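**Student:** A structural model of the following input is requested.
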Amino acid sequence: QVQLVESGGGLVQAGGSLRLSCLASGRTFSEYAMGWFRQAPGKERDFLAAINGSGSRRNYADSVKGRFTISRDNAKNTVYLQMNSLRPEDTAVYSCAAVRLRLYGTTRFRDYDYWGQGTQVTVSS
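**Tutor:** The predicted model follows:
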């Protein structure tokens, strides 16, 4: 079992930045690739970014490429999502998720084994 807890969400003006954190506990953190997703009201859950177990590989959705950066610190059992140049359409609940290493990079939320509870990000215009 892996428990995930996100933090760092909040209200920010358009053009601003936020850094989300996701603290993992339970099994060995580096044994899992990690991903970030978001879901706005009435919309599907969208893939944003993924990182492999060592942090050496990353991939991003086109909608956030160049604005968001995923990273991880295995010594702290934490994965981060740095979000810059935020837009009102980035408003959503953001969740981190863990998946087995061999599935690193998958964009399908059903592939992920463990999820955090989510943190709200609201971007005002």
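**Student:** now the helix or strand hosting Val5, how far from the chain's geometric center?
**Tutor:** Taking DSSP states H and E as the criterion, Val5 maps to strand 2-7. Here strand 2-7 is found 11 Å from its chain centre; the criterion is C-alpha atoms, centre = their mean, to the nearest Å.
**Student:** Following the chain onward from that strand, which element is next?
**Tutor:** Counting by DSSP H and E, what follows strand 2-7 is strand 10-13.
**Student:** which other helices and strands contact that next one?
**Tutor:** Using 3 or more C-beta pairs under 8 Å, 6 or more residues apart in numbering; DSSP states H and E as the contact test, the elements touching strand 10-13 are strand 119-124. Using the backbone N, CA and C atoms, a C-beta is placed for each residue, glycine as well.
**Student:** Now do the strand it packs on, average pLDDT.
**Tutor:** For strand 119-124, mean pLDDT rounds to 98.
**Student:** buried sites along that strand?
**Tutor:** Thr119, Val121, Val123 (16 or more other C-beta atoms under 10 Å).
**Student:** And for stretch 28-47?
**Tutor:** Phe29, Ser30, Tyr32, Ala33, Met34, Gly35, Trp36, Phe37, Arg38, Arg45, Asp46, Phe47.
**Student:** Stretch 77-94 too?
**Tutor:** Neighbour-count burial for stretch 77-94 [16+ other C-beta under 10 Å]: Asn77, Thr78, Val79, Tyr80, Leu81, Met83, Leu86, Asp90, Thr91, Ala92, Val93, Tyr94.
**Student:** Quick check, the fourth one in contact with Ser71.
**Tutor:** Yes: in this structure, Tyr80 is within contact of Ser71 by C-beta atoms under 8 Å, at 4.9 Å.
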